[in-house]
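# Fold the following for me, if possible:
(one chain, ligands or ions: 1)
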Amino acid sequence: MSLRLAGRAAFVTGAGRGIGAAIVKRLMADGAKVAALDLNLADAQASGADLALACNVADSASVAAAVKAAREAFGRLDIAVNNAGVGRAANDGSDEFYGAMAQRNAQLAEQGKSDVIVDQLIHMQDDGWAGVMAVNLNGTFYTCREFARVLADDGNPGTIINVSSTSAQSGEGSAHYCASKAAVIGLTRQLARELAPRKIRVNAIAPGPTNTPVMQGIPDEWIASMEAAIPLGRMADPAEIAASVAFLASDDASYVNGSVLVANGASYYF
Ligand SMILES: NC(=O)c1ccc[n+]([C@@H]2O[C@H](COP(=O)([O-])OP(=O)(O)OC[C@H]3O[C@@H](n4cnc5c(N)ncnc54)[C@H](O)[C@@H]3O)[C@@H](O)[C@H]2O)c1
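Residues are numbered from 1 along each chain as shown. Presented below is the predicted three-dimensional model:
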């Protein structure tokens, strides 16, 4: 039996580590040729992809150059995985948020109660908001657009998978992150309709908490309470999210279009 992505060519953004690196590995195991795009070229190279390219998804010229380079290297493109994402940016109120959380936890430990109000929004500056939007939303738009341009020029069908988050629906997390990930779902649904006549399918995946380097900055007690709230009792392994992405990328999902595949161990908070 041939591998289900044999003969296909893909690019994955944010491919240097975490979920993106796991997606590279899985798409390659399923037979695809893969270009790893990341801000950090050394990490992209370490992913083991067929091609590694430095790319800042928040910069449309950088995206256009990387997508063109991947198309030239492989002679075609079939799969785009828009995975690059950030949870915070400079001046977004994170420092005040984490400071207040620490203060609240200390009071709780000492007195069993706390009067500390934990804010982020009121400390969030314009550039802090825009910094997360630039990567998570603008970056997804730029990569979808460049991929669609290449496929339109080549007259080829293809498929896009956008990485959203359970936070889009639950509201758990910061304002810019939740808003950007919800916007990615709106973009996905619209593009699925617009690009369907070109035989380009567009879907999103909404992972729940997943054990990647980004989790390493979070205090252990938060991780423990987060895992306790997940009915499956644990975070996802990046390979589990990658397996869902590979399904959406394959012809097994040929009639799945405009969908959000939720991979969160049933950890809805609403
Ligand atoms: N880890 C989770 O619990 C979780 C849950 C839901 C959704 N997600 C989403 O999954 C995706 C991957 O998350 P992760 O946990 O693997 O993150 P991560 O921080 O471990 O890895 C993100 C990668 O993206 C790259 N990157 C960041 N900004 C970039 C930019 N402007 N251009 C190109 N590359 C850039 C980084 O260099 C890094 O290699 C993100 O979109 C994230 O929001 C993660």
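# Tell me the spacing between residue 123 and residue 236.
Residue 123 sits 30 Å away from residue 236, going by CB to CB, to the nearest Å. For glycine as for every other residue, the C-beta is placed from the backbone atoms N, C-alpha and C.
# More neighbours: which of those two?
Higher neighbour count among residue 123 and residue 236: residue 236, with 24 against 16, using other CB atoms under 10 Å.
# The chain: strands as residue ranges?
Assigned by DSSP state E, the chain shows strands spanning 9-13, 33-38, 51-54, 79-82, 158-163, 200-207, 260-263.
# The ones you listed into CSV, with extra columns for mean neighbour count and distance to residue 93?
Formatted as CSV, these follow (neighbours: other CB atoms under 10 Å; distance: least, CB to CB, whole Å):
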stretch, mean neighbour count, distance to residue 93
strand 9-13, 31, 26
strand 33-38, 29, 26
strand 51-54, 20, 30
strand 79-82, 29, 26
strand 158-163, 26, 24
strand 200-207, 25, 24
strand 260-263, 18, 28
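# Can you say which of the ones you listed is nearest to residue 175?
strand 200-207 (17.9 Å; CB to CB).
# Tell me which strands that closest one pairs with, and in which orientation.
strand 158-163 (parallel), strand 260-263 (parallel) (DSSP bridges).
# Take those strands and write them to JSON lines, including distance to residue 198 and mean pLDDT.
As requested, those are exported to JSON lines (distance: least, CB to CB, whole Å; pLDDT from 0 to 100):
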{"stretch": "strand 158-163", "distance to residue 198": "8", "mean pLDDT": "98"}
{"stretch": "strand 260-263", "distance to residue 198": "21", "mean pLDDT": "96"}
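# The residue located most distally from the centre of the chain and residue 104, how far apart?
Distance from the centre of the chain peaks at residue 111, with 39.7 Å (CA atoms, centre = their mean). The gap separating residue 111 from residue 104 is 11 Å, by CB to CB.
# do residue 33 as well
Taking CB to CB, one finds residue 33 at 50 Å from residue 104.
# which parts of the stretch 1-150 of the chain sit against the ligand?
13-14, 16-20, 38-40, 43, 55-58, 83-86, 135, 139 (CB under 6 Å from any ligand atom).
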